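In: quick one: sequence and predicted model below, then my questions.
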Amino acid sequence: MKKNKQGFITRSLHAKFPKGDAYNALHMPVYDGVAYEFESAEDIAETFAGKKVAHAYSRTSNPTVEYFEKKMKAVTEAHAVVALASGMAAISNVLISMVEPGANIVTSNQLFGHSYALLKQTLPSLGLEVRFVDMTDISAVEKATDEKTRVYFFETITNPQLEIVDLHALSQLAQAKGVAVVCDSTITPPYVFQSKQFGVDVEVMSTTKFISGGAAAFGGVVVDNGLFDYAKNPSLESWHDKYGKDALVARIRKEVFRHLGGTMTAHTAHFMNLGLDIMPLRIERCVDNCLRLGEFLEGHPQIKSYNYPGIVGNKGYDLAQKQFLGKPGAVMTFDLESKEACFKFYNRLQVMRKATNLNDNKTLIIHPESTIYAEFSSEEKQAMDVRPTMMRLSVGIEDVEDLIEDFTQALQF
């Protein structure tokens, strides 16, 4: 009996080109040009008027980028996808498009440092109110919600605290309040998380991470699942009148994205196209390595605590099984006795790479309190549960025995 739909990798590998290639290339060529010629004045006029879909200028659209968007749409089963220059560009474009001055966003008090800074510093300067709460406490989210709340924004798994929101409970509240659910799913990409099934309206992610294929390039995407009625959103009401379900994507493409210039390049899209095809294979290896490392960390006397939601007994385990197919990304954290011990350990590492970023093929390790969160006060760090004793580990695809050996020798001080 034929399956209802093809698997993730098959859909990615065999997504059709937007147009046939003149030479029947198996991989989408890199269209590195800037402008595109039209046959007539009528053709170019209709394109600029929005009556005809065609590429005119690569700052607004490009064939290679379009193909990446099409592949992402195929694997997510979304309504529409927009590719941008970075994950931060994806977040800012969505929030600026959905929240008018005087309205508010309810968001998590545990976020990636730059996302937190955007919401704490930049967006309020534009007249947008941001309310920080514990998103794992649905009653706290509800209490922070009023008639001016437009968006619930959160990370599917917080970075680096590794907290998990109950998406079923949150989406139910959002539907009752008429609020859009927007999540950053960078740690849990489409292979392990189908956001549409959990009532997520809009998904943003940094494609720099798992999707790029080993930190080959940086980029971001906005994934609109087509679930939200944009007629209910004051910022998008007029766009809904003209574009219907495409209101958010239309505003991003025709106004915010176009004016702010967060364009994904053709070469970047090429790397994303290649990386997406083999992403599931890398995720499986990374998750297996996380589980093996968890076994090692649990028994080591210098490890005071460790956190990975994929391990039985972890407080996020049940939600990780339900929402992420038991594969909650490849980010782990662990605590040593002191900040000084973290630095000694860090400086002794030989295999694990001392670098920021997540989901490279290489295992990367960083001390968040002194790096990503360096600009924040001690009180802010404490409120975000960013501890001076915590290390963040992004587990790669190396032979796990070599990672364990590196841990072992680096902890001998």
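Out: That came through fine.
In: quick one: residues contacting Arg131.
Out: Applying CB atoms under 8 Å, 6 or more residues apart in numbering, one finds that Arg131 lies in contact with 104-107, 144, 149. Backbone N, C-alpha and C define where each C-beta goes, glycine included.
In: actually, Ala320.
Out: When the contact criterion is CB under 8 Å, 6+ apart, the partners of Ala320 are 164, 309-310, 314, 326-328.
In: and Tyr57, by the same measure?
Out: Tyr57 makes contact with 34-36 under the criterion CB under 8 Å, 6+ apart.
In: any chance of JSON lines for those, columns neighbour count and secondary structure?
Out: JSON lines is the format used below for the contacts of Tyr57 (neighbours: other CB atoms under 10 Å; DSSP: H, G, I helix; E, B strand; the rest coil):
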{"residue": "Val34", "neighbour count": "10", "secondary structure": "coil"}
{"residue": "Ala35", "neighbour count": "10", "secondary structure": "strand"}
{"residue": "Tyr36", "neighbour count": "16", "secondary structure": "coil"}
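In: which of the contacts of Arg131 sits closest to Glu337?
Out: Minimum distance to Glu337 across the contacts of Arg131 is 32.9 Å, recorded for Thr107 (CB to CB).
In: helix, strand or coil for the closest residue to the closest one other than its chain neighbours?
Out: Setting aside the residues directly before and after it, Thr107 is nearest to Phe153 in space (CB to CB, 6 or more residues apart in numbering), at 4.5 Å. Per DSSP: H, G, I helix; E, B strand; the rest coil, the secondary structure class of Phe153 is strand.
In: how about the contacts made by Phe153?
Out: 91, 95, 105-108, 119, 182-184.
In: picking that back up, can you list the contacts of Arg131 in CSV and add pLDDT, distance to Ser115 and secondary structure?
Out: Putting the contacts of Arg131 into CSV (pLDDT from 0 to 100; distance: CB to CB, whole Å; DSSP: H, G, I helix; E, B strand; the rest coil) gives the following:
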residue, pLDDT, distance to Ser115, secondary structure
Asn104, 98, 17, strand
Ile105, 98, 12, strand
Val106, 98, 14, strand
Thr107, 98, 9, strand
Ala144, 98, 18, helix
Thr149, 98, 18, strand
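In: need these in JSON lines with distance to Ile372 and neighbour count, can you?
Out: Formatted as JSON lines, the entries for these read as follows, by distance: CB to CB, whole Å; neighbours: other CB atoms under 10 Å:
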{"residue": "Asn104", "distance to Ile372": "26", "neighbour count": "18"}
{"residue": "Ile105", "distance to Ile372": "21", "neighbour count": "25"}
{"residue": "Val106", "distance to Ile372": "23", "neighbour count": "26"}
{"residue": "Thr107", "distance to Ile372": "17", "neighbour count": "26"}
{"residue": "Ala144", "distance to Ile372": "25", "neighbour count": "18"}
{"residue": "Thr149", "distance to Ile372": "28", "neighbour count": "21"}
